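Q: Please work out how this folds:
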Amino acid sequence: MAAGRREEAIIEAAHLAAKLGLSVDRLRAEMQRGIVYGVVERGVGEDAGRLRLTFRYRARSWTVMVQADGTLNEAPALGR
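A: A predicted model of the protein is given here:
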């Protein structure tokens, strides 16, 4: 898992798959089907420069905050 520029983040497939309780192959297949998807929220005001990434798979989700300096902070998983 790595953070790039302020407006960009890269999450490794193996890391995301583990967070959602899937194999990497299943993650990729479910992404192609649109069952695994992600939402990017960009901070405004005092949160400018931050990103919140939420990945969803059925009733499961995983959220990570990307700080302006590239630091990643995980939120607890929901729906497990």
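Q: For the chain, which segments count as strands?
A: 2-3, 9-10, 36-42, 51-57, 60-66, 72-74 (DSSP state E).
Q: so which of those comes closest to residue 28?
A: Among these, strand 36-42 comes nearest to residue 28, with 8.6 Å by C-beta to C-beta. Bear in mind the C-beta positions are built from the backbone N, C-alpha and C, glycine included.
Q: Sheet-wise, list the partners of that closest one with their directions.
A: The pairing partners recorded for strand 36-42 under DSSP bridges are strand 51-57 (antiparallel).
Q: Please list the outside residues in contact with the partner strand.
A: Applying C-beta atoms under 8 Å, 6 or more residues apart in numbering, the contact partners of strand 51-57 are 7, 9, 11, 16, 19-22, 27, 30, 35-43, 61-66.
Q: Kindly recompute the last result at 10 Å.
A: Strand 51-57 is contacted by residues 3, 6-9, 11, 16-17, 19-22, 26-27, 30-31, 35-43, 61-68, 72-73, 75, 78-79 when judged by C-beta atoms under 10 Å, 6 or more residues apart in numbering.
Q: Just give me how far it sits from the chain centre.
A: Distance of strand 51-57 from its chain centroid, counting by C-alpha atoms, centre = their mean, to the nearest Å, is 4 Å.
Q: Now do it against strand 60-66, angle only.
A: Relative orientation of strand 51-57 and strand 60-66, computed by axes from the mean of the first three to the mean of the last three C-alpha atoms, to 10 degrees: 170 degrees.
Q: picking up where we left off before, could I have the buried ones of the contacts of strand 51-57 as ChimeraX selection syntax?
A: Burial among the contacts of strand 51-57 is assessed by 16 or more other C-beta atoms under 10 Å; the matching ChimeraX selection reads:
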select :3,6,9,11,16,17,19,20,22,27,30,31,36,61,62,63,64,65,66
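Q: quick revisit: rebuild the strands of the chain as a markdown table, extending it with mean pLDDT.
A: Formatted as a markdown table, the strands of the chain follow (pLDDT from 0 to 100):
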| stretch | mean pLDDT |
| --- | --- |
| strand 2-3 | 49 |
| strand 9-10 | 82 |
| strand 36-42 | 94 |
| strand 51-57 | 95 |
| strand 60-66 | 93 |
| strand 72-74 | 85 |
